[in-house]
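> I'll drop the sequence and a predicted model, then ask my questions.
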Amino acid sequence: MNSKTRRILANTAATAAVVALALLGLSPGQAHERETVKPAFEHTLPNVPGKSLIAVVVTYPPGGKSLPHRHARSAFIYAHVLKGAVRSRVGDEPAKVYRAGESFFEEPGAHHRISENASDSEAANLMAVFIVDAGDKPLTVPDPAAAATP
C-alpha cells in the first residue's frame, strides 16, 4: 500500500469516527464502549477486474460493541477472531460467540445486527477481510435508527 492510499484510509477512518460520534451525541472521550477500526491492507485484485481486497482490524474494549450496520453492497466479508471472544448476529441467524482462532462470513447485503465483545473484562479483536467492488464505499454504514440513538 502506498503512502497516498494509507493517508486517504487514515483520513477516511478519522472522519468516519468523528461523524459517528457526532451522530451518537458523544465526544471522543465518551466513546470507550465502541469499537475502533484500523485499516490493515488494501489492494486491487489483479486477476479479478474491478474488485479490491481490504482488511481492517476491529478492536472491542471490554463490553464494547458496534452499532447494528450493513456493509458496502458488493462486500463479501470473512472475519477471523484474533483475540478474545466476539458475539455476532448476521441477518436472521441466531447470535453466536466466536473465540480466538474461529471465523465467520457475511454475504453481500447482509445485516449485521450484533457485533460485540462477549466479555466485560477482556478486550477482543478480529480481522475483517472485504472482497468488494473497487470504489464501493463506505465499507460500513450504521443503521439509521441505531445512529440516531445513543
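Structure's in. What do you need?
> ok but residue 145 is inside a helix, no?
Yes - judged by DSSP: H, G, I helix; E, B strand; the rest coil, residue 145 forms part of a helix.
> what does the pLDDT read for it?
You'll see residue 145 listed with a pLDDT of 78.
> may I see the buried residues of stretch 35-51?
For stretch 35-51, the neighbour count (16 or more other CB atoms under 10 Å) marks 35, 36, 37, 39, 42, 51 as buried. C-beta here means a position set from N, CA and C on the backbone, and glycine is covered the same way.
> so what's the fourth one bridging to?
Yep, that's residue 39 we're talking about. Beta-bridge pairing for residue 39 (DSSP bridges): residue 56.
> from what I can see it touches residue 58, true?
No - using CB atoms under 8 Å, residue 39 is not in contact with residue 58; the gap is 10.9 Å.
> what residues are up against the closest residue in space to residue 33 that isn't next to it in sequence?
Distances taken as CB to CB, 6 or more residues apart in numbering place residue 64 nearest to residue 33, at 5.3 Å, with adjacent residues excluded. Applying CB atoms under 8 Å, 6 or more residues apart in numbering to residue 64 gives the contacts 32, 33, 34, 35, 116, 117, 123, 124.
> tell me the pLDDT at residue 109?
So, for residue 109, pLDDT stands at 89.
> kindly report the same for the one 3 residues further on.
Residue-level confidence at residue 112 comes out at 95, pLDDT.
> quick one: contacts of stretch 122-139?
Stretch 122-139 is contacted from outside by 12, 16, 40, 44-45, 50-62, 64, 71-86, 98, 117-118, using CB under 8 Å, 6+ apart.
> scratch that, stretch 68-81 is what I was asking about
Here stretch 68-81 makes contact (CB under 8 Å, 6+ apart) with 86, 88, 98-115, 124-133, 136-143, 146.
> then that stretch to PDB, C-alphas only?
The C-alpha trace of stretch 68-81 is given here as PDB (Å, rounded to 0.1, in the frame of the first residue of the first chain):
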ATOM      1  CA  PRO A  68     -26.100  -2.500  14.000                       C
ATOM      2  CA  HIS A  69     -24.900  -2.000  10.500                       C
ATOM      3  CA  ARG A  70     -24.600  -3.000   6.900                       C
ATOM      4  CA  HIS A  71     -21.600  -3.100   4.700                       C
ATOM      5  CA  ALA A  72     -20.900  -1.900   1.100                       C
ATOM      6  CA  ARG A  73     -23.500  -3.600  -1.200                       C
ATOM      7  CA  SER A  74     -20.800  -5.600  -3.100                       C
ATOM      8  CA  ALA A  75     -18.900  -6.700   0.000                       C
ATOM      9  CA  PHE A  76     -18.300 -10.300   0.900                       C
ATOM     10  CA  ILE A  77     -16.700 -10.400   4.300                       C
ATOM     11  CA  TYR A  78     -14.600 -13.000   6.000                       C
ATOM     12  CA  ALA A  79     -14.000 -12.300   9.700                       C
ATOM     13  CA  HIS A  80     -11.400 -14.000  11.900                       C
ATOM     14  CA  VAL A  81     -11.200 -13.500  15.700                       C
END
